[in-house]
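Asker: mind looking at a prediction? Sequence and model below.
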Amino acid sequence: MATLKTVTLGCKVNQYETQFVRQSLSSAGYRDAGEDESADLCVVNTCTVTAEGDSKSRQVIRQLARRNPGTRIVVMGCYATRAPQEVASLPAVVEVVIDKRELPDLLGRFGVIDLPTGISSFGRRHRAYVKVQDGCMLNCSFCIIPSVRPHLASRPVEHIVDEVRRLVDNGYREVVLTGIHLGHYGVEWSRERAKSDWLRLSHLLERLARLPGEFRIRLSSIEATEVTRELIAVMAAYPQRVCPHLHISMQSGSDAVLRRMRRRWGSRRFVDRCRLLGEALDKPALTTDIIVGFPGETDEDFLATCRVSEEVGFSKIHIFPFSPRRTTPAAEMPDQISPELKAERCRQLAQLETRLRERYFTSLLGRQLEVLVESKAGRPGYVVGTACRYAPVELPGGLDSVGRFQRVTAAEVANGQIQAC
């Protein structure tokens, strides 16, 4: 039986796509190679969001070629799309997937006869990512992704429903819906169907929320413009099924910076949409991404970002110092910020994030939380998991509780997590 190794860099969509390829090749007779076993075939799913992503991708490919003599390496992902000739020149690379729509032909060349419509497992995790959509048609001045994933493609509802059913039947207790631009689910169908037949993310979410079984649904990153009243209504109607948590990408709290970023909403509309969520849902967790040190960002712009973050009350902020991406408009903008100033602003924002995180966790004390137990804790007799509100929780329990839901009461906040009883 031929042996296989896969490596994934980058986002949740990439992780899903790697699992899809692994499962497809498994049906053709491949098995995962052991840790010290050489693989006949290696698949690398690459990332190109930053120059560091390109560098890591090249490093992984060279390491696989060196550690697996005679292997054949297939490279897919955004870096492969952006620089196929560069990737093809790397050692042991035999195939470069420029467009994900080529995957059926590629897998056919490796013996896959019947391509599955979805996955049935997601490794040894207790949550599974489900890709529902691909492609982005936005034009943010800092982002390279629309140039490497430009084609909007939403998966058929029935394929997603069947996939979620299989994953739940196979023991996965949390399903995370993800996409390159999740809120654009169904957008391309608008050109083909009457308005009465339009499908959007809210329709898909409601269909999945009605499925039987012990599981919950979480939405991955979404734009504020796509947090529609219809989507909020579905989340409110199924509080036991849909996690009261949204990761809404803000990027900056300064309207001047947002305009240079070519974002679609200003800070006030962003705050208003978050407020609407807070009014409709019970103590929702709001998390976000923020780019620090965008070209031309003044002290006043940075303070605006801090003020908006405090006003919204994010429970977690992913902080990214601006990294110029070649070929994007932002890379050529004047008034680039020095690395030292970016580092200082990142430090200040991280301090604010710590305070906001603790404030939100403290607001949950005394409440019941549904926790998906994921592993043993550092101290005997305790386990750790993730609450529906995306808070890390330590609770009493043994290994027999791993992979199960536990309803607990939040008792205190310590060491950046909730202690429960």
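Answerer: Yep, that arrived. Nothing here was measured: the structure is a model prediction, and the numbers come from that model. Residues are numbered from 1 along each chain as shown.
Asker: in the protein, which helix has the most residues?
Answerer: Among all segments of the chain classified by DSSP state H, the helix with the greatest residue count is helix 339-363.
Asker: so which bits of that helix are buried?
Answerer: Applying a neighbour-count criterion of 16 or more other C-beta atoms under 10 Å, the buried positions in helix 339-363 are K342, R345, C346, L349, L352, E353, L356, R357, Y360, F361. Where C-beta positions appear, they are placed from N, C-alpha and C, glycine not excepted.
Asker: show me how the protein divides into domains.
Answerer: 3-109, 120-243, 368-420 (automatic domain parsing).
Asker: could I get those domains as a markdown table with mean neighbour count, distance to I337 and mean pLDDT?
Answerer: As requested, the domains of the chain are arranged in a markdown table below (neighbours: other C-beta atoms under 10 Å; distance: least, C-beta to C-beta, whole Å; pLDDT from 0 to 100):
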| stretch | mean neighbour count | distance to I337 | mean pLDDT |
| --- | --- | --- | --- |
| domain 3-109 | 18 | 16 | 95 |
| domain 120-243 | 18 | 13 | 93 |
| domain 368-420 | 17 | 29 | 95 |
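Asker: make CSV out of those and add distance to R273.
Answerer: What follows is the domains of the chain, written out as CSV (distance: least, C-beta to C-beta, whole Å):
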stretch, distance to R273
domain 3-109, 23
domain 120-243, 5
domain 368-420, 18
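Asker: quick one: which of these is nearest C306?
Answerer: Nearest of the domains of the chain to C306, taken as C-beta to C-beta: domain 120-243 at 18.4 Å.
Asker: okay, how far is it across the closest one, tip to tip?
Answerer: End-to-end distance for domain 120-243, by C-alpha to C-alpha, to the nearest Å: 22 Å.
Asker: distance between it and the chain's centre?
Answerer: When distances are taken as C-alpha atoms, centre = their mean, to the nearest Å, domain 120-243 is centred 11 Å away from the chain's centroid.
Asker: circling back: return the distance of the longest helix of the chain from the chain's centre.
Answerer: What separates the centre of helix 339-363 from the centre of its chain is 21 Å, taken as C-alpha atoms, centre = their mean.
Asker: tell me the contacts of the nearest residue to D335 once chain neighbours are set aside?
Answerer: With C-beta to C-beta, 6 or more residues apart in numbering as the criterion, D335 has its nearest non-adjacent residue at 4.2 Å, and that residue is G296. G296 sits next to A256, V257, R260, M333, P334, D335 when contact means C-beta atoms under 8 Å, 6 or more residues apart in numbering.
Asker: next, format those as a markdown table and append secondary structure.
Answerer: Formatted as a markdown table, the entries for the contacts of G296 read as follows, by DSSP: H, G, I helix; E, B strand; the rest coil:
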| residue | secondary structure |
| --- | --- |
| A256 | helix |
| V257 | helix |
| R260 | helix |
| M333 | coil |
| P334 | coil |
| D335 | coil |
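Asker: what's the PyMOL line that selects buried ones from those residues?
Answerer: Buried residues within these, by 16+ other C-beta under 10 Å, are selected in PyMOL with:
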select buried, resi 256+257+260+333
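Asker: of all the contacts of G296, which comes closest to D36?
Answerer: Checking the contacts of G296 one by one against D36 (C-beta to C-beta), the nearest turns out to be M333, at 48.5 Å.
Asker: mind listing the strands for the stretch 151-300 of the chain?
Answerer: 153-154, 174-179, 216-219, 245-247, 285-292 (DSSP state E, counting those that start in this stretch).
Asker: make sure L4 is actually in contact with D40.
Answerer: Yes. In this structure L4 lies within contact range of D40 using C-beta atoms under 8 Å: 7.2 Å.
Asker: what sits in contact with each of the two?
Answerer: Contact with both L4 and D40 is made by residues Y30, A33, according to C-beta under 8 Å, 6+ apart.
Asker: just name the closest of the contacts of G296 to E223, please.
Answerer: Each of those was scored against E223 by C-beta to C-beta, and V257 proved nearest at 16.5 Å.
Asker: for D272, see how far away the closest one is.
Answerer: Relative to D272, V257 is positioned 19 Å away (C-beta to C-beta, to the nearest Å).
Asker: go on, A343?
Answerer: Applying C-beta to C-beta, the value for A343 to D272 is 32 Å.
Asker: secondary structure of E52: a helix, I assume?
Answerer: Yes. The secondary structure assignment for E52 places it in a helix, going by three-state DSSP.
Asker: now it: closest residue in space, sequence neighbours ignored.
Answerer: The shortest distance from E52 to any non-neighbouring residue, by C-beta to C-beta, 6+ apart, is to S323 (7.5 Å).
Asker: give me the number of residues near the one you found?
Answerer: 16 (other C-beta atoms under 10 Å).
Asker: distance of it from S24?
Answerer: 34 Å.
Asker: next: C274.
Answerer: For C274, the distance to S24 under the criterion C-beta to C-beta works out to 40 Å.
Asker: same deal with N170?
Answerer: Distance of N170 to S24, computed by C-beta to C-beta: 17 Å.
Asker: ok, back up a step: of the contacts of G296, closest to V96?
Answerer: The shortest approach to V96 among the contacts of G296 belongs to M333, at 31.7 Å (C-beta to C-beta).
Asker: how about the closest one: what's its closest non-neighbour residue?
Answerer: Residue nearest to M333 in three dimensions, not counting chain neighbours: P295, with 3.8 Å by C-beta to C-beta, 6+ apart.
Asker: returning to that earlier point: which residues does the longest helix of the chain contact?
Answerer: Helix 339-363 is contacted from outside by 283, 285, 290, 292-293, 297, 302, 305-306, 309-310, 313-317, 319, 321-322, 391, 410, 413, 416-418, using C-beta under 8 Å, 6+ apart.
Asker: restricted to helices, list these.
Answerer: Mapping those onto helices (DSSP H) picks out F302, T305, C306, S309, E310.
Asker: the second one reaches D255, doesn't it?
Answerer: No. Using C-beta under 8 Å, T305 and D255 do not qualify as a contacting pair, with a distance of 10.8 Å.
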